[in-house]
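> The following comprises the amino acid sequence and a computationally predicted model.
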Amino acid sequence: MIKVASKIDSREVDLCISEVAKGNMNSLKQLYEQFKVPVYLLALVILKDRALAEDILQETFIGLRANAHTYSLGTNAKAWILSITRNLSKNCLRKRHYETSQSFDEDTEVCDKKYTVETDMLDGIVTSDALNILDETQREIVVFHVFTGLKHTEISKLLCIPYGTVLWKYSVAMKKLRAFYNAEFSGEGVVDEK
(Lines give C-alpha, C1' and ligand atoms only; values in the text may rest on other atoms or scores of the structure.)
Protein backbone atom coordinates (compact mmCIF):
# COMPACT_ATOMS: atom_id res chain seq x y z
CA MET A 1 0.00 0.00 0.00
CA ILE A 2 1.20 3.51 -0.77
CA LYS A 3 1.73 5.67 2.28
CA VAL A 4 0.26 9.08 1.56
CA ALA A 5 0.64 10.96 4.81
CA SER A 6 1.54 10.38 8.40
CA LYS A 7 -1.12 7.95 9.53
CA ILE A 8 -3.48 8.80 12.32
CA ASP A 9 -5.33 5.94 13.94
CA SER A 10 -9.09 5.49 13.89
CA ARG A 11 -9.55 6.93 17.40
CA GLU A 12 -7.74 10.09 16.35
CA VAL A 13 -9.87 10.32 13.19
CA ASP A 14 -13.00 9.97 15.32
CA LEU A 15 -11.70 12.68 17.65
CA CYS A 16 -10.93 14.94 14.68
CA ILE A 17 -14.43 14.48 13.27
CA SER A 18 -16.01 15.28 16.64
CA GLU A 19 -13.80 18.39 16.87
CA VAL A 20 -14.84 19.42 13.35
CA ALA A 21 -18.47 19.10 14.50
CA LYS A 22 -17.59 21.65 17.20
CA GLY A 23 -16.07 23.99 14.61
CA ASN A 24 -12.36 23.17 15.03
CA MET A 25 -10.77 23.96 11.67
CA ASN A 26 -7.36 22.58 12.70
CA SER A 27 -8.97 19.15 12.99
CA LEU A 28 -10.50 19.59 9.53
CA LYS A 29 -7.06 20.47 8.20
CA GLN A 30 -5.60 17.35 9.82
CA LEU A 31 -8.30 15.19 8.21
CA TYR A 32 -7.68 16.89 4.87
CA GLU A 33 -3.96 16.13 5.04
CA GLN A 34 -4.66 12.50 5.94
CA PHE A 35 -7.33 11.80 3.33
CA LYS A 36 -6.74 14.20 0.42
CA VAL A 37 -4.96 11.67 -1.81
CA PRO A 38 -7.41 8.77 -1.34
CA VAL A 39 -10.38 11.11 -1.78
CA TYR A 40 -8.90 12.67 -4.93
CA LEU A 41 -8.01 9.28 -6.42
CA LEU A 42 -11.46 7.85 -5.81
CA ALA A 43 -13.08 10.90 -7.42
CA LEU A 44 -10.64 10.68 -10.34
CA VAL A 45 -11.40 7.00 -10.90
CA ILE A 46 -15.14 7.65 -10.97
CA LEU A 47 -15.13 10.91 -12.94
CA LYS A 48 -12.04 10.45 -15.15
CA ASP A 49 -11.57 14.22 -15.08
CA ARG A 50 -8.85 15.90 -13.02
CA ALA A 51 -10.61 19.23 -12.62
CA LEU A 52 -13.84 17.60 -11.49
CA ALA A 53 -11.92 15.32 -9.12
CA GLU A 54 -10.31 18.40 -7.56
CA ASP A 55 -13.77 19.93 -7.14
CA ILE A 56 -15.06 16.76 -5.48
CA LEU A 57 -12.01 16.75 -3.20
CA GLN A 58 -13.00 20.19 -1.94
CA GLU A 59 -16.70 19.34 -1.79
CA THR A 60 -15.95 16.22 0.26
CA PHE A 61 -14.33 18.24 3.02
CA ILE A 62 -17.03 20.91 2.85
CA GLY A 63 -19.56 18.09 3.23
CA LEU A 64 -17.54 16.56 6.04
CA ARG A 65 -17.56 19.88 7.88
CA ALA A 66 -21.29 20.35 7.37
CA ASN A 67 -22.19 16.79 8.38
CA ALA A 68 -19.60 15.97 11.03
CA HIS A 69 -22.32 16.12 13.68
CA THR A 70 -24.08 13.15 12.00
CA TYR A 71 -21.06 10.84 12.19
CA SER A 72 -21.42 8.02 14.74
CA LEU A 73 -18.21 7.79 16.73
CA GLY A 74 -16.60 4.37 16.67
CA THR A 75 -17.79 3.47 13.18
CA ASN A 76 -15.42 3.39 10.22
CA ALA A 77 -14.42 7.02 9.65
CA LYS A 78 -12.37 6.29 6.53
CA ALA A 79 -15.31 4.51 4.89
CA TRP A 80 -17.63 7.37 5.95
CA ILE A 81 -15.36 9.98 4.34
CA LEU A 82 -14.91 7.92 1.16
CA SER A 83 -18.66 7.33 0.93
CA ILE A 84 -19.14 11.12 0.90
CA THR A 85 -16.65 11.28 -1.99
CA ARG A 86 -18.29 8.42 -3.86
CA ASN A 87 -21.78 9.89 -3.49
CA LEU A 88 -20.64 13.35 -4.61
CA SER A 89 -18.81 11.83 -7.59
CA LYS A 90 -21.81 9.75 -8.63
CA ASN A 91 -24.07 12.80 -8.32
CA CYS A 92 -21.63 14.77 -10.45
CA LEU A 93 -21.76 12.06 -13.13
CA ARG A 94 -25.56 12.09 -13.11
CA LYS A 95 -25.58 15.88 -13.33
CA ARG A 96 -23.13 15.87 -16.25
CA HIS A 97 -25.23 13.26 -18.02
CA TYR A 98 -28.35 15.43 -17.85
CA GLU A 99 -26.61 18.71 -18.63
CA THR A 100 -26.03 18.13 -22.31
CA SER A 101 -26.30 21.80 -23.12
CA GLN A 102 -22.98 22.55 -21.40
CA SER A 103 -19.79 20.98 -22.62
CA PHE A 104 -16.57 20.94 -20.68
CA ASP A 105 -13.51 21.85 -22.72
CA GLU A 106 -10.50 19.82 -21.62
CA ASP A 107 -8.20 22.63 -22.73
CA THR A 108 -9.53 24.87 -19.97
CA GLU A 109 -8.13 22.56 -17.29
CA VAL A 110 -6.24 24.54 -14.68
CA CYS A 111 -2.53 23.98 -15.21
CA ASP A 112 -1.04 26.16 -12.50
CA LYS A 113 -1.93 23.84 -9.61
CA LYS A 114 1.04 22.25 -7.94
CA TYR A 115 0.98 18.52 -7.32
CA THR A 116 3.34 16.52 -5.20
CA VAL A 117 5.45 13.92 -6.98
CA GLU A 118 3.43 11.21 -5.26
CA THR A 119 0.10 12.64 -6.40
CA ASP A 120 1.41 12.98 -9.96
CA MET A 121 2.53 9.36 -9.90
CA LEU A 122 -0.80 8.13 -8.54
CA ASP A 123 -2.61 10.37 -11.03
CA GLY A 124 -0.72 8.62 -13.81
CA ILE A 125 -1.69 5.21 -12.51
CA VAL A 126 -5.35 6.12 -12.10
CA THR A 127 -5.66 7.80 -15.49
CA SER A 128 -3.57 5.23 -17.32
CA ASP A 129 -5.04 2.72 -19.69
CA ALA A 130 -4.46 0.03 -17.07
CA LEU A 131 -7.46 0.92 -14.92
CA ASN A 132 -9.56 1.54 -18.03
CA ILE A 133 -9.55 -2.21 -18.76
CA LEU A 134 -11.51 -2.75 -15.54
CA ASP A 135 -15.23 -2.25 -15.19
CA GLU A 136 -16.46 0.48 -12.84
CA THR A 137 -16.94 -1.77 -9.81
CA GLN A 138 -13.55 -3.44 -10.27
CA ARG A 139 -11.88 -0.01 -10.51
CA GLU A 140 -13.57 1.17 -7.32
CA ILE A 141 -12.62 -2.00 -5.44
CA VAL A 142 -8.98 -1.76 -6.54
CA VAL A 143 -8.76 1.93 -5.62
CA PHE A 144 -10.49 1.39 -2.28
CA HIS A 145 -8.24 -1.52 -1.39
CA VAL A 146 -4.88 -0.58 -2.90
CA PHE A 147 -4.82 3.21 -2.66
CA THR A 148 -7.01 3.90 0.36
CA GLY A 149 -6.28 0.79 2.39
CA LEU A 150 -9.86 -0.26 3.04
CA LYS A 151 -10.35 -3.92 3.91
CA HIS A 152 -12.49 -6.08 1.66
CA THR A 153 -15.17 -6.26 4.38
CA GLU A 154 -15.27 -2.45 4.53
CA ILE A 155 -15.51 -2.25 0.74
CA SER A 156 -18.36 -4.77 0.83
CA LYS A 157 -20.34 -2.57 3.21
CA LEU A 158 -19.50 0.65 1.38
CA LEU A 159 -20.52 -0.65 -2.06
CA CYS A 160 -23.38 -2.82 -0.74
CA ILE A 161 -21.90 -5.87 -2.47
CA PRO A 162 -21.49 -9.29 -0.83
CA TYR A 163 -18.03 -9.88 0.66
CA GLY A 164 -17.39 -12.89 -1.61
CA THR A 165 -18.23 -10.82 -4.67
CA VAL A 166 -15.76 -8.13 -3.59
CA LEU A 167 -13.02 -10.77 -3.21
CA TRP A 168 -13.85 -12.30 -6.57
CA LYS A 169 -13.99 -8.96 -8.41
CA TYR A 170 -10.72 -7.87 -6.80
CA SER A 171 -9.05 -11.12 -7.86
CA VAL A 172 -10.33 -10.80 -11.44
CA ALA A 173 -9.24 -7.13 -11.56
CA MET A 174 -5.73 -7.98 -10.36
CA LYS A 175 -5.44 -10.75 -12.98
CA LYS A 176 -6.48 -8.27 -15.68
CA LEU A 177 -3.95 -5.70 -14.43
CA ARG A 178 -1.15 -8.30 -14.31
CA ALA A 179 -2.00 -9.39 -17.86
CA PHE A 180 -2.06 -5.76 -18.98
CA TYR A 181 1.35 -4.99 -17.49
CA ASN A 182 2.86 -8.26 -18.73
CA ALA A 183 1.64 -7.45 -22.24
CA GLU A 184 2.88 -3.85 -21.96
CA PHE A 185 6.36 -4.84 -20.85
CA SER A 186 6.66 -7.73 -23.31
CA GLY A 187 5.45 -5.54 -26.18
CA GLU A 188 2.70 -7.96 -27.14
CA GLY A 189 -0.17 -5.54 -26.70
CA VAL A 190 -3.13 -5.72 -24.39
CA VAL A 191 -5.00 -8.94 -23.74
CA ASP A 192 -8.57 -8.27 -22.64
CA GLU A 193 -9.69 -10.90 -20.12
CA LYS A 194 -13.32 -10.92 -19.06
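Everything's here; your move. Numbering: from 1, shown residues only.
> quick one: buried residues of the helix or strand hosting Glu54?
Using DSSP states H and E, the element containing Glu54 is helix 50-67. Residues of helix 50-67 classed as buried: 50, 52-57, 59-61, 63-65 (neighbour count, 16 or more other CB atoms under 10 Å). Bear in mind the C-beta positions are built from the backbone N, C-alpha and C, glycine included.
> a markdown table for the residues you listed, including pLDDT and distance to Lys157?
Shown next, in a markdown table, are the buried residues of helix 50-67 (pLDDT from 0 to 100; distance: CB to CB, whole Å):
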| residue | pLDDT | distance to Lys157 |
| --- | --- | --- |
| Arg50 | 87 | 29 |
| Leu52 | 92 | 26 |
| Ala53 | 92 | 24 |
| Glu54 | 93 | 27 |
| Asp55 | 94 | 26 |
| Ile56 | 94 | 21 |
| Leu57 | 95 | 23 |
| Glu59 | 95 | 23 |
| Thr60 | 95 | 19 |
| Phe61 | 96 | 22 |
| Gly63 | 94 | 19 |
| Leu64 | 95 | 19 |
| Arg65 | 94 | 24 |
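> Identify, from those, the entry nearest to Tyr40.
Ranked by distance to Tyr40 (CB to CB), the buried residues of helix 50-67 are led by Leu57 at 4.7 Å.
> Skipping adjacent residues, who's closest to that closest one in space?
Spatial nearest neighbour of Leu57, chain neighbours left out: Tyr40 (4.7 Å); criterion: CB to CB, 6 or more residues apart in numbering.
> quick one: contacts for that neighbour?
Ala53, Glu54, Ile56, Leu57, Thr119 (CB atoms under 8 Å, 6 or more residues apart in numbering).
> Same list (these) but as CSV, adding distance to Leu134.
Below are those laid out as CSV (distance: CB to CB, whole Å):
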residue, distance to Leu134
Ala53, 17
Glu54, 23
Ile56, 20
Leu57, 22
Thr119, 21
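> out of those, what pair is the most spread apart?
Taking CB to CB as the measure, the contacts of Tyr40 span a maximum distance of 14.8 Å, between Ile56 and Thr119.
> how about the helices in the chain?
10-21, 25-47, 50-67, 77-98, 117-127, 129-132, 136-142, 152-159, 163-186 (DSSP state H).
> Does Ile46 touch Glu140 like I think?
Yes - counting by CB atoms under 8 Å, Glu140 is a contact partner of Ile46 at 7.2 Å.
> Give the intersection of the neighbour lists for these two.
With CB under 8 Å, 6+ apart as the test, Ile46 and Glu140 both reach Arg86.
> okay, and the helix or strand of this protein with the least pLDDT?
In the chain, no helix or strand scores lower on mean pLDDT, DSSP states H and E than helix 117-127, which sits at a mean of 48.
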